[in-house]
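Student: Predicted model and sequence follow; I will ask about them next.
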Amino acid sequence: MRTVIVSGGSSGIGRATVEHFARAGDRVVSLDIAGPQDGFGGFGDRVSWIRCDVADWQAVDEALERVHRDHPLDVVIANAGISLRHGVLDITEKDARRVVDVNLLGTLGLWRGAARLMAAAGRDGGVLLATASVNGRRGYPNYADYNATKAGVIALTQTFALELSPRIRVACVSPGAVLTPMQLAEYTDAMLADVNARIPAGRHADPAEIAAAFHYLASPEAGFLTGQELVIDGGETAGATTAEWGA
Ligand SMILES: NC(=O)c1ccc[n+]([C@@H]2O[C@H](COP(=O)([O-])OP(=O)(O)OC[C@H]3O[C@@H](n4cnc5c(N)ncnc54)[C@H](O)[C@@H]3O)[C@@H](O)[C@H]2O)c1
């Protein structure tokens with residue numbers, strides 16, 4: 001049984017990831033500022049959560065050490081993230097710093113803490129993963145700070161992999177649009193249909209599809225994969241859709 005940490009495991013992609021690894025037989029601990037709605041039923045004490053703000057590196061280190069003491073870490077997934085909608089002229093310093101603290105420095109702090117414990121334990125085969133985004137690959141209006149943090153996560157993936165190979169592998173997933181509860185609550189039916197029409201696959205991803213990718217990246221089958229980004233976006237960044245070309 002592996003020990004897996006997922007930040008932001010109470011909702012959306014993180015929650016689907018917690019459940020995917022737990023169903024596969026792993027022990028999973030979520031680090032989140034909020035608990036899961038309705039709990040993590042059905043998995044007994046194999047799934048738990050620790051209240052932790054990933055922007056607080058000391059709290060992150062304490063949470064990691066608490067888990068690692070009894071169950072050495074195998075897989076650590078930096079998934080917690082926030083986005084705040086604002087144009088570049090309206091963005092406030094407070095909002096931008098929070099987005100960077102959670103998304104970018106939250107990933108750096110979690111990976112740093114986990115890598116230190118993995119290295120000190122002297123075991124091979126640790127895996128560090130993160131949720132980046134297609135927003136880190138090109139511009140999307142109204143999310144400048146968010147987009148920059150996701151580009152940063154892709155950059156962290158490369159440098160961590162170089163420094164930690166061959167003992168620890170590092171990779172990130174860049175999802176396109178994923179239908180998480182939070183997004184579903186924000187969309188009207190018309191908005192959902194409009195976004196779907198701009199994705200070649202004609203739909204959003206299910207969080208379970210991102211969770212399955214994490215499970216593959218953490219598996220021995222992905223043993224030669226490090227320093228890379230896996231894009232799962234239904235074709236969104238492949239080019240213009242046939243609808244946009246008028247075909
Ligand atoms: N939903 C999408 O379309 C999409 C697309 C690409 C990337 N992503 C990324 O996927 C990740 C998960 O997003 P989601 O859509 O599942 O969102 P979500 O809001 O459903 O879940 C995010 C979780 O992170 C937790 N969280 C927020 N701030 C935190 C903090 N400071 N410390 C610890 N936990 C914190 C929240 O409590 C929540 O449980 C994020 O990094 C997001 O940027 C989402």
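Tutor: Arrived safely, thanks for sending.

Student: For the closest residue in space to Gly87 that isn't next to it in sequence, give me the pLDDT.
Tutor: Among residues not flanking Gly87 along the chain, Asn142 sits closest, at 5.7 Å (C-beta to C-beta, 6 or more residues apart in numbering). Backbone N, C-alpha and C define where each C-beta goes, glycine included. What the model reports as pLDDT for Asn142 is 93.

Student: Going along the chain, name the helices of this protein.
Tutor: For the chain, applying DSSP state H gives helices covering 12-23, 57-70, 93-99, 105-121, 144-164, 181-186, 189-197, 207-217, 242-245.

Student: quick one: which of the ones you listed is nearest the ligand?
Tutor: helix 12-23 (2.2 Å; C-beta to the nearest ligand atom).

Student: So which elements touch that closest one?
Tutor: strand 3-7, strand 27-32, strand 47-51, strand 75-78, helix 207-217 (3 or more C-beta pairs under 8 Å, 6 or more residues apart in numbering; DSSP states H and E).

Student: Neighbours of the residue nearest to Thr149 when sequence neighbours are not counted, how many?
Tutor: Nearest-residue entry for Thr149: Asn103, 3.7 Å, with adjacent residues in sequence omitted and distances by C-beta to C-beta, 6+ apart. Counted by other C-beta atoms under 10 Å, the residues lying close to Asn103 total 28.

Student: if I look at Asn103, how far off is Thr131?
Tutor: 9 Å (C-beta to C-beta, to the nearest Å).

Student: list residues touching both of these two?
Tutor: Gly81, Val153 (C-beta atoms under 8 Å, 6 or more residues apart in numbering).

Student: follow-up on the earlier one: how about a markdown table for the helices and strands packed on helix 12-23, with mean neighbour count added?
Tutor: Output for the helices and strands packed on helix 12-23, formatted as a markdown table (neighbours: other C-beta atoms under 10 Å):
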| stretch | mean neighbour count |
| --- | --- |
| strand 3-7 | 28 |
| strand 27-32 | 25 |
| strand 47-51 | 18 |
| strand 75-78 | 29 |
| helix 207-217 | 20 |
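
Student: Quickly compare the helices of the chain and say which is most buried.
Tutor: Highest mean neighbour count among the helices of the chain (mean count of other C-beta atoms under 10 Å): helix 12-23, with a mean of 23.

Student: wait, does that helix contact the ligand?
Tutor: Yes - shown here: helix 12-23 in contact with the ligand (C-beta under 6 Å from any ligand atom) through Gly12, Ile13, Gly14.

Student: same question, stretch 68-78
Tutor: No - Stretch 68-78 lies apart from the ligand when judged by C-beta under 6 Å from any ligand atom; the minimum separation is 8.1 Å.
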